[in-house]
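A.B. asks: Sequence first, predicted coordinates after that:
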Amino acid sequence: MIGDKAIGSRIFNGVNAILLALIAIITVLPFLHVIAASFATGAELAEKRFLLFPTVWSLDAYRYIFSTDTIMKSMLISILVTVGGTVWSMLLSTLTAYGLSRRDLVGRRYIMFFIVFTMLFNGGMIPTFLIVQQTGLLNSLWALIIPVSINAFNMIILKSFFQNLPDGLEESAKIDGCNDFGILFRIVIPCSMPAIATISLFYAVTYWNTYMHAILYLSDSAKWPVQVLLRQIVVLASGLSYDGAEYTNVPPPEISVKMAVIVVATIPVLLVYPFLQKYFAKGALIGSMKG
């Protein structure tokens with residue numbers, strides 16, 4: 001019996017490993033194709049619809065994208081908006097979530113109702129634009145941060161995580177003389193790093209991918225984030241009109257430029273993820289232990 005169980009366990013583990021490996025390959029192959037196509041020549045892209053290793057490696061698409069300093073300025077703007085917006089959003093979300101996680105908060109249910117209400121209904125694009133205009137945020141980088149300062153879903157996740165922390169932690173901190181802010185910054189936040197890291201990544205990806213708000217609120221092309229500029233580069237490579245930065249080089253193949261744009265827009269987020277991976281793993285372990 002024991003031997004049969006051991007054999008069955010090995011077969012299950014082997015089949016599981018094969019299936020997971022196939023899923024991983026299916027997931028990675030499209031991105032490898034995007035990277036390979038960004039380095040391929042126009043002739044090879046015309047011959048092959050799918051490739052993983054270009055016969056001749058070319059940097060024409062990347063030279064075209066970085067042919068002026070405009071792209072670097074847009075990258076710096078995106079980094080500034082992403083870092084500043086993430087810190088601002090996490091500060092507001094953490095304070096709001098901690099307050100709502102306190103069961104003795106007066107009017108807690110009514111506040112939660114109005115927050116959840118915003119997840120289902122909103123004023124729409126035109127009222128939001130008018131508010132941004134009337135508050136003087138139009139054509140300012142703050143217009144990319146203030147209107148999306150708090151995401152209700154992310155805040156609710158933080159609130160639920162705070163509520164699952166042992167009550168004894170706060171009680172012992174109060175005995176030691178900590179006030180509410182001391183409990184939050186010395187006890188709750190250090191114990192909630194998995195959730196905070198996860199929500200921070202959600203906010204960072206949202207700010208990094210800012211496109212529509214920049215189109216609506218920024219009329220000065222010098223303040224465009226990288227996503228908007230990359231879109232204009234793709235438009236220029238397609239042979240359409242473009243009113244932004246001027247490029248003197250002959251555009252490389254449109255497909256190659258599109259693939260290079262995807263790589264440039266994706267790599268920064270991929271570089272950040274490994275630093276937060278340990279918090280995701282720790283969060284999964286905590287969840288399994290609590291379950």
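C.D. replies: Arrived safely. It should be emphasised that the depicted structure is a prediction, and the values quoted were computed from it without experimental measurement.

A.B. asks: contacts, neighbours, all on C-alpha from now
C.D. replies: OK.

A.B. asks: do you know how far residue 163 is from residue 64?
C.D. replies: Look at residue 163 and residue 64: by CA to CA, to the nearest Å, they are 51 Å apart.

A.B. asks: Name the residue in those two with the higher neighbour count.
C.D. replies: Shown here are residue 163 and residue 64; by other CA atoms under 10 Å, residue 64 has more neighbours (19 against 15).

A.B. asks: what helix or strand does that one sit in?
C.D. replies: helix 60-65 (DSSP states H and E).

A.B. asks: and the helix or strand containing residue 80, what other elements does it pack with?
C.D. replies: Assigned by DSSP H and E, residue 80 falls within helix 70-101. Other helices and strands packing on helix 70-101, by 3 or more CA pairs under 8 Å, 6 or more residues apart in numbering; DSSP states H and E, are helix 152-163, helix 193-208, helix 226-237.

A.B. asks: Of all the residues in the very next helix or strand once past the first one, which ones are buried?
C.D. replies: This means helix 152-163. The C-terminal neighbour of helix 152-163 among helices and strands, as given by DSSP H and E, is helix 167-175. For helix 167-175, burial by neighbour count (16 or more other CA atoms under 10 Å) applies to 170, 173.

A.B. asks: Spatially nearest residue to residue 75 (excluding sequence neighbours)?
C.D. replies: residue 226 (5.2 Å; CA to CA, 6 or more residues apart in numbering).

A.B. asks: Touching, the one you found and residue 80? I think so.
C.D. replies: No: using CA atoms under 8 Å, residue 226 is not in contact with residue 80; the gap is 11.2 Å.

A.B. asks: quick one, which of these two is more surrounded?
C.D. replies: It is residue 226, of residue 226 and residue 80, that has more neighbours when counted by other CA under 10 Å, with 26 against 16.

A.B. asks: From residue 64, how far out is the nearest residue to residue 66 once chain neighbours are set aside?
C.D. replies: Among residues not flanking residue 66 along the chain, residue 72 sits closest, at 7.7 Å (CA to CA, 6+ apart). The gap separating residue 72 from residue 64 is 13 Å, by CA to CA.

A.B. asks: Nearest spatial neighbour of the most centrally placed residue in the chain, chain-adjacent residues omitted?
C.D. replies: Geometric centre of the chain, nearest residue: residue 205, 1.4 Å, by CA atoms, centre = their mean. For residue 205, ignoring the flanking residues on the chain, the nearest one in space by CA to CA, 6+ apart is residue 269 at 7.0 Å.

A.B. asks: what about that neighbour, which helix or strand?
C.D. replies: In this structure, residue 269 is located in helix 254-290 according to DSSP H and E.

A.B. asks: Give me the buried positions along the helix holding residue 64.
C.D. replies: 60-62, 64-65.

A.B. asks: returning to what we had before: least confident of the helices and strands packed on helix 70-101, on average?
C.D. replies: Ranked by mean pLDDT, the helices and strands packed on helix 70-101 bottom out at helix 226-237, with a mean of 77.

A.B. asks: how far off helix 193-208 does it point, in degrees?
C.D. replies: Relative orientation of helix 226-237 versus helix 193-208 (axes from the mean of the first three to the mean of the last three CA atoms, to 10 degrees): 40 degrees.

A.B. asks: just checking, what packs against helix 226-237?
C.D. replies: In terms of contacts (3+ CA pairs under 8 Å, 6+ apart), helix 226-237 is packed against helix 70-101, helix 254-290.

A.B. asks: returning to that earlier point: quick one: the helix holding residue 80 to helix 193-208, angle?
C.D. replies: Going by the same axes, to 10 degrees, helix 70-101 makes 140 degrees with helix 193-208.

A.B. asks: what residue ranges in this protein score low on pLDDT?
C.D. replies: 1-5, 236-253, 276-291 (pLDDT under 70).

A.B. asks: domains of it?
C.D. replies: Annotated domains of the chain cover 2-47, 60-290 [automatic domain parsing].

A.B. asks: ranking those by burial, who's on top?
C.D. replies: Mean neighbours per residue, mean count of other CA atoms under 10 Å, is largest over those for domain 60-290, with a mean of 16.

A.B. asks: how distant is that one from the center of its chain?
C.D. replies: 6 Å (CA atoms, centre = their mean, to the nearest Å).
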